[in-house]
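Q: Dropping a prediction and its sequence here:
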Amino acid sequence: MGRPNKYPEELRERAVRMVAEVAPDYGSQWAAICAVAGKLGVGAPETVRTWVRRAEVDAGRRPGVTTEEAEELKRLKRENAELRRANEILKAASAFFAAELDRPAKR
């Protein structure tokens with residue numbers, strides 16, 4: 001459905017752990033993120049920053065919609081759209097059959 005991840009999940013998890021471990025050695029979390037991105041060969045530090053933010057939200061340390069909640073919302077939206085389409089088909093079918101019943105019978 002979505003685009004494939006450029007980086008494996010293990011690398012993402014490792015990067016998040018490394019940022020947490022080395023952050024005290026740097027003046028800011030951003031400096032730690034830049035260092036970890038360079039060590040792991042991740043193209044842009046912003047990529048690691050998004051992984052760290054996502055992990056913080058999922059762990060409840062930062063406000064926001066968790067990954068699990070976002071996936072559930074996406075699933076429910078898909079299901080809702082499917083039910084709306086089915087409902088439209090049923091409405092059209094009932095209108096068709098109601099019109100058939102209203103026509104005089106041929107003998």
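A: Right, received. Where do you want to start?

Q: and Asp25, what is it in contact with?
A: Asp25 makes contact with Ala32, according to C-beta atoms under 8 Å, 6 or more residues apart in numbering. (Each C-beta comes from the backbone N, C-alpha and C, glycine too.)

Q: Regarding the protein, what is its longest helix?
A: helix 67-102 (DSSP state H).

Q: Leu40: neighbouring residues, count only.
A: 15 (other C-beta atoms under 10 Å).

Q: any idea of the pLDDT on it?
A: The model reports Leu40 with a pLDDT of 95.

Q: Hmm, it is touching Arg12, no?
A: No. Assessed by C-beta atoms under 8 Å, Leu40 is found out of contact with Arg12, at 9.7 Å.

Q: could I get stretch 30-42 in PDB with only the CA atoms?
A: What follows is stretch 30-42, C-alpha atoms only, in PDB (Å, rounded to 0.1, in the frame of the first residue of the first chain):
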ATOM      1  CA  TRP A  30      19.900  17.500  17.500                       C
ATOM      2  CA  ALA A  31      23.700  17.200  17.800                       C
ATOM      3  CA  ALA A  32      23.300  13.600  19.000                       C
ATOM      4  CA  ILE A  33      21.000  12.900  16.100                       C
ATOM      5  CA  CYS A  34      23.400  14.300  13.600                       C
ATOM      6  CA  ALA A  35      26.200  12.200  15.000                       C
ATOM      7  CA  VAL A  36      24.200   9.000  15.000                       C
ATOM      8  CA  ALA A  37      22.900   9.600  11.500                       C
ATOM      9  CA  GLY A  38      26.600  10.000  10.300                       C
ATOM     10  CA  LYS A  39      27.700   6.900  12.200                       C
ATOM     11  CA  LEU A  40      24.900   4.700  10.700                       C
ATOM     12  CA  GLY A  41      25.100   6.200   7.200                       C
ATOM     13  CA  VAL A  42      21.600   7.600   7.200                       C
END
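
Q: which of the residues in that stretch are buried?
A: 32-37, 42 (16 or more other C-beta atoms under 10 Å).

Q: Which ones among those map onto helices?
A: Within these, residues falling in helices by DSSP H are 32-37.

Q: Just give me the closest of those to Pro63.
A: Ile33 (19.8 Å; C-beta to C-beta).
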